[in-house]
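Colleague: Dropping a prediction and its sequence here:
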Amino acid sequence: MKKIIIFTCCFILFIIGGYSWIQESLASRNVLKVVALGDSITHGTGDPDKKGYIERVKLALQKDKGISVKLRNFGIPKYTTEDILKQLENEDTNKQIKQADMIILYVGTNDFRHSAKHQFENIDVMSLNRGRVQFSKNLDKILHSIRNQNQDASIFVLGLYHPYVEYKNNIQLQELIYAWNDEIHEVIKGYEQVKYVPTLDLFNNKPKTQYFSDSIHPNPAGYELIANRLLESIQEKP
């Protein structure tokens, strides 16, 4: 009987442990402050209701935890890492970052597309590799800037997915995206409480027409997949 009680207690602690870091941040108040940075995907382009993945995460946290989530979404269509670095010079952006309990970053799609010169059928690998190196440097600067403003917030960095399945060289494109995601892995190793959230597998073997609103942006069903993946990651402390 004693063993059963001990096992039950351990199991309960395991279940609630995923959200323990949120509870710690809410020790003195019942509000979770979330800041989202990124491009059109964080903005929610492709979702008629503009919820995207980030609003879905907010609503799920409020429903599951019974807490109030104060979200500031700074996602802007067409943004690259260069644009976010400029954005981080803005006084209001930095003010929100300083106050945040959680920061979510999803960027790199436009860096990748620009580096490919928007020519995906005939890839300029050298150009993409140069872009990948610059992307890595910029991502490091972004995380460094965020950490200078806020040493305590948990940061979630989402990886890139592969929307170019209609091209004959889609396998090559997928391998290149793998390489870009590897750069994200390497950069975040230098920071505490930063977690990588993979998205590359989410749309594998799924009909693109059912999960995308256009060539690169998810539709509500696609954003739901990304939101659920991010929620899974939030349940585990970075």
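Modeller: Yep, that arrived. Numbers count the residues shown, from 1 in each chain.
Colleague: residue nearest the centroid of this protein?
Modeller: For the chain, L158 is the residue whose C-alpha lies nearest the centre (C-alpha atoms, centre = their mean; 3.0 Å).
Colleague: Can you name the next helix or strand after the biggest helix by length in the chain?
Modeller: In the chain, assigned by DSSP state H, the helix with the most residues is helix 125-149. Using DSSP states H and E, the helix or strand that follows helix 125-149 in sequence is strand 154-158.
Colleague: roughly how far out does that next one sit from the chain middle?
Modeller: Counting by C-alpha atoms, centre = their mean, to the nearest Å, strand 154-158 is centred 6 Å from the centre of its parent chain.
Colleague: Kindly export the following helix or strand past that strand (C-alpha atoms) in CSV.
Modeller: Counting by DSSP H and E, the next helix or strand C-terminal to strand 154-158 is helix 170-188. The C-alpha coordinates for helix 170-188 follow below in CSV (Å, rounded to 0.1, in the frame of the first residue of the first chain):
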residue,chain,number,x,y,z
ASN,A,170,11.7,18.9,-52.7
ILE,A,171,14.1,16.4,-51.1
GLN,A,172,17.0,18.7,-51.7
LEU,A,173,15.1,21.6,-50.3
GLN,A,174,14.2,19.6,-47.2
GLU,A,175,17.8,18.7,-46.6
LEU,A,176,18.7,22.4,-46.8
ILE,A,177,16.0,23.3,-44.3
TYR,A,178,17.4,20.6,-42.0
ALA,A,179,20.7,22.4,-42.2
TRP,A,180,19.1,25.7,-41.3
ASN,A,181,17.4,24.1,-38.3
ASP,A,182,20.7,22.6,-37.2
GLU,A,183,22.0,26.2,-37.0
ILE,A,184,19.1,27.0,-34.6
HIS,A,185,20.1,24.0,-32.5
GLU,A,186,23.7,25.2,-32.3
VAL,A,187,22.9,28.8,-31.5
ILE,A,188,20.5,28.1,-28.6
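Colleague: Tell me which other helices or strands the longest strand anywhere in the chain touches.
Modeller: Criterion DSSP state E: the longest strand present in the chain is strand 31-38. Packing contacts for strand 31-38, counted by 3 or more C-beta pairs under 8 Å, 6 or more residues apart in numbering; DSSP states H and E, involve helix 54-65, strand 68-73, helix 81-87, helix 91-99, strand 102-106. Any C-beta I mention is one placed from the backbone N, CA and C, and that applies to glycine too.
Colleague: same question for it, mean pLDDT?
Modeller: The average pLDDT within strand 31-38 is 97.
Colleague: from now on call the first residue 700
Modeller: Yep, numbering from 700; the last one is strand 730-737 now.
Colleague: quick one: buried residues of it?
Modeller: L731, K732, V733, V734, A735, L736, G737 (16 or more other C-beta atoms under 10 Å).
Colleague: Can you give the distance of the helix or strand just after it from its chain's centre?
Modeller: Next in sequence after strand 730-737, counting helices and strands by DSSP H and E, comes helix 739-742. The chain centroid and the centroid of helix 739-742 are separated by 10 Å, computed with C-alpha atoms, centre = their mean.
Colleague: Just the C-alphas of helix 739-742, formatted as CSV.
Modeller: C-alpha atoms of helix 739-742 as CSV (Å, rounded to 0.1, in the frame of the first residue of the first chain):
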residue,chain,number,x,y,z
SER,A,739,3.9,36.4,-41.2
ILE,A,740,3.6,33.0,-39.6
THR,A,741,3.7,34.5,-36.1
HIS,A,742,1.4,37.2,-37.5
